[in-house]
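> any chance you can model this:
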Amino acid sequence: MADTKSTTDKLLEHHGRTFCDELGIHIDRNTPSVLFRWLVASILFSSRISAANATKAARALSDAGLTTADKMASASWQDRVDILGANGYKRFDESYSRHLGEAAETLRDTYDGDLRKLRDAADKDPDEMRRRLKAFKGLGDTGVDIFYREAQAAWPELYPFADKKALQAAEKLDLPKTAKGLSGRVSKADFPRLVAALVRTDLEKDYEAVTAD
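As a prediction, this is how the structure comes out:
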């Protein structure tokens, strides 16, 4: 194994692009639309579909203008089915059309379409936020973990956060096995990039690229 510093550098070099960056979601702006788009992506990423297809579907939904809870809820079930089916969700298009529609309705009706109001209602407590987020159709603990991975750039009370997939990859690379330990290897601004890089390394089984001399 390479030493931890060079491994961290190589992770950021090879895979240090957050999923929000890939989707053009400026999560640090902390606006209702960007938070909603990341919520939608988190629901899709937590499904039994490849990350590539989830990315493709999330981008297509945004390109179709479904970038707020109101717009997603107002779209027809068939419109959502058509978008999902054409972008990698053919087997799950009907169920995920329902999930996204119902999640958008819950967000619109309970929090006026604004996840910042959910955060405030939870007094910025990560456990209470998790409980409230899991009320959205299609979002379980895995989906909340995905959401937290990059929402920590906007919601500092989540920092440092790394999910099981990232920590498993860290262990394989002889890096610290806790989020707190990993956070000591990079700046706070780069931490979401490091977590994303660990997840991408595991998804792509690309461990050799970050351990080679």
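> show me this protein divided up by domain.
Domains of the chain are assigned by automatic domain parsing as 4-18+161-211, 27-147.
> among those, which is nearest Ala154?
Closest approach to Ala154 among those is made by domain 27-147 (4.1 Å; C-beta to C-beta). C-beta: built from backbone N, CA, C; applies to glycine.
> so how far is the closest one off the chain centroid?
Centroid separation for domain 27-147 versus its chain: 10 Å, with C-alpha atoms, centre = their mean, to the nearest Å.
> hmm, back to that, want to throw the domains of the chain into TSV with mean neighbour count, distance to Ala154 and mean pLDDT?
Listed next are the domains of the chain as TSV, based on neighbours: other C-beta atoms under 10 Å; distance: least, C-beta to C-beta, whole Å; pLDDT from 0 to 100:
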stretch	mean neighbour count	distance to Ala154	mean pLDDT
domain 4-18+161-211	18	10	94
domain 27-147	19	4	96
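> make CSV from these and add distance to Trp155 to it.
Below are the domains of the chain laid out as CSV (distance: least, C-beta to C-beta, whole Å):
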stretch, distance to Trp155
domain 4-18+161-211, 10
domain 27-147, 6
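> kindly list the longest helix within this structure.
Taking DSSP state H as the criterion, the chain has its longest helix at helix 93-111.
> report the buried residues of stretch 148-158.
For stretch 148-158, a neighbour-count test (16 or more other C-beta atoms under 10 Å) marks Tyr148, Arg149, Glu150, Ala151, Gln152, Ala153, Ala154, Trp155, Leu158 as buried.
> Ser47 versus the first one, what's the distance?
Just to be clear, that refers to Tyr148. Distance of Tyr148 to Ser47, given as C-beta to C-beta, to the nearest Å: 17 Å.
> got it, and the last one?
Distance, Leu158 to Ser47, by C-beta to C-beta: 23 Å.
> give the contact list for Lys71.
Contact analysis of Lys71 by C-beta atoms under 8 Å, 6 or more residues apart in numbering lists Gly65.
> what of Val186?
Taking C-beta under 8 Å, 6+ apart, one finds Thr8, Leu12, Arg193, Leu194 in contact with Val186.
> which residue packs closest to the third one, ignoring adjacent ones?
Right, Arg193. Among residues not flanking Arg193 along the chain, Gly16 sits closest, at 4.3 Å (C-beta to C-beta, 6 or more residues apart in numbering).
> which ones are touching that neighbour?
So Gly16 contacts Asp190, Arg193, Leu194, Ala196, Ala197 (C-beta under 8 Å, 6+ apart).
> mind checking how far the last one is from Ser46?
Noted for Ala197: a distance of 19 Å to Ser46, by C-beta to C-beta.
> do the fourth one as well
Here Ala196 is placed at a distance of 15 Å from Ser46 (C-beta to C-beta).
> for stretch 116-134, give the distance from the opening residue to the closing one.
15 Å (C-alpha to C-alpha, to the nearest Å).
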